[in-house]
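Colleague: Pasting the sequence and the predicted coordinates here, then a few questions.
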Amino acid sequence: MRGATRGIRRTALAGIAAAGLALVPAVADATPGSGVTGKIISQTTVGDTDYILREVTIQPGGKTGWHFHDGTLYAFVAQGTLTHPDASCAPTVYKTGAAFVEPSGADHTHIGLNLGKKPVVLEVLYVLPHGAPLSEDAPDPGCDF
């Protein structure tokens, strides 16, 4: 009887665990990018900070996917027109020759879009904590892009 009781307890615990998992809220899926390539031009580490110079190209109709950065980015639009909405869904448009800064942190989620007919080329300096990824995926905040 003892073995049967253990089997019943295990089955009950498994059921409770499964029910508990069903109560955990689902995490929204990150939005995938498309039509984006990047090439690291230069990379160095000073102390606890990585400095990465990267050329990012977004093809017509391309998008980066919603994301944020763990450090500050400094960007220059070398070619094309970048549409750059933030989590409030308000887009900022940067044309060839424009420079802008992307602040760090999950509260600065954004997406890069190329709504034009020629590639967007960005020269980007990433200033990141040592070993941090270039970007962190984020869920779509519900914008219509």
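Modeller: Ah, there it is.
Colleague: ok, which stretches of the protein are helices?
Modeller: 2-23 (DSSP state H).
Colleague: Kindly list the longest strand within it.
Modeller: Looking across the chain with DSSP state E, the single longest strand is strand 49-63.
Colleague: and it, how far from the chain's centre?
Modeller: Distance of strand 49-63 from the chain centroid (Cα atoms, centre = their mean, to the nearest Å) equals 12 Å.
Colleague: before we move on, what about stretch 60-74?
Modeller: The answer for stretch 60-74 is 6 Å, by Cα atoms, centre = their mean.
Colleague: Spatially, which residue comes closest to the spatially most central residue of the chain, not counting chain neighbours?
Modeller: Nearest to the geometric centre of the chain sits H67, at 2.1 Å (Cα atoms, centre = their mean). Among residues not flanking H67 along the chain, S135 sits closest, at 4.2 Å (Cβ to Cβ, 6 or more residues apart in numbering). To be clear about C-beta, it is placed using only N, CA and C from the backbone, and glycine gets the same treatment.
Colleague: likewise D144?
Modeller: C89 (7.4 Å).
Colleague: Just give me the neighbour total for the one you found.
Modeller: By other Cβ atoms under 10 Å, 13 other residues sit near C89.
Colleague: residues contacting P32?
Modeller: For P32, the contact set (Cβ atoms under 8 Å, 6 or more residues apart in numbering) comprises G65.
Colleague: How about G62?
Modeller: With Cβ under 8 Å, 6+ apart, G62 has these contacts: 33-36, 113-114, 120.
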